[in-house]
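**Student:** what follows is a predicted protein model with its sequence.
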Amino acid sequence: MIERGANIKKLPLLVRHTDLERFSTESAYRSRCPECNTGILLVNRDQVTFSLINVDRCTYCGQLVVYTDKFIAGEPVLDIHSTKSASK
Ligand SMILES: [Zn+2]
């Protein structure tokens, strides 16, 4: 298993939320991190508007992910990190 925080400085990973494995059946948002397979990607909300945002970070390895989906679980996703500048 990789170390906690091992991917904190890695380039953002472009992913489709819909393609990720859900962490449990209890949440339509939480996914298993595709980098470490240990941590959780929770899906974040803007602190003012509570809109879903397209930037997320793994709770274990620290990998930054950028969702390319327009919607997650039926909710529109705010594009705060341009998916064009993120490298795969
Ligand atoms: Zn991870």
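**Tutor:** Cool, got the structure.

**Student:** mind checking how far stretch 41-59 is from the chain centre?
**Tutor:** 8 Å (C-alpha atoms, centre = their mean, to the nearest Å).

**Student:** correction: stretch 72-79
**Tutor:** Counting by C-alpha atoms, centre = their mean, stretch 72-79 comes out at 12 Å from the chain centroid.

**Student:** got a list of contacts for it?
**Tutor:** 17-18, 28-29, 43, 46, 49, 51-54, 67, 69-71 (C-beta atoms under 8 Å, 6 or more residues apart in numbering). No exception for glycine: its C-beta is placed from N, CA and C like everyone else's.

**Student:** now with 7 Å, please.
**Tutor:** 17, 28-29, 43, 46, 51-54, 67, 69-71 (C-beta atoms under 7 Å, 6 or more residues apart in numbering).

**Student:** helix or strand for the residue positioned nearest the centre of the chain, which one?
**Tutor:** The residue lying closest to the centre of the chain (C-alpha atoms, centre = their mean) is Asp56, at 3.8 Å. Per DSSP states H and E, Asp56 falls inside strand 55-57.

**Student:** and that strand, does that touch the ion?
**Tutor:** No: counting by C-beta under 5 Å from the ion, the ion is not contacted by strand 55-57; separation bottoms out at 8.6 Å.

**Student:** pick out the most distant pair among the contacts of stretch 72-79.
**Tutor:** Across those, the longest distance by C-beta to C-beta is 18.4 Å; it joins Ala28 and Asp46.

**Student:** counting neighbours, which of the contacts of stretch 72-79 comes out on top?
**Tutor:** With neighbours defined as other C-beta atoms under 10 Å, the most crowded of these is Tyr67; it has 26 neighbours.

**Student:** need the contact list for the residue lying closest to Leu42 once chain neighbours are set aside.
**Tutor:** Among residues not flanking Leu42 along the chain, Arg30 sits closest, at 5.8 Å (C-beta to C-beta, 6 or more residues apart in numbering). Applying C-beta under 7 Å, 6+ apart, we find Arg30 in contact with Arg22, Phe23, Ser24, Ile40, Leu41, Leu42.

**Student:** report the beta-bridge partners for the fifth one.
**Tutor:** Which is Leu41. Beta bridges link Leu41 to Ser31, judged by DSSP bridges.
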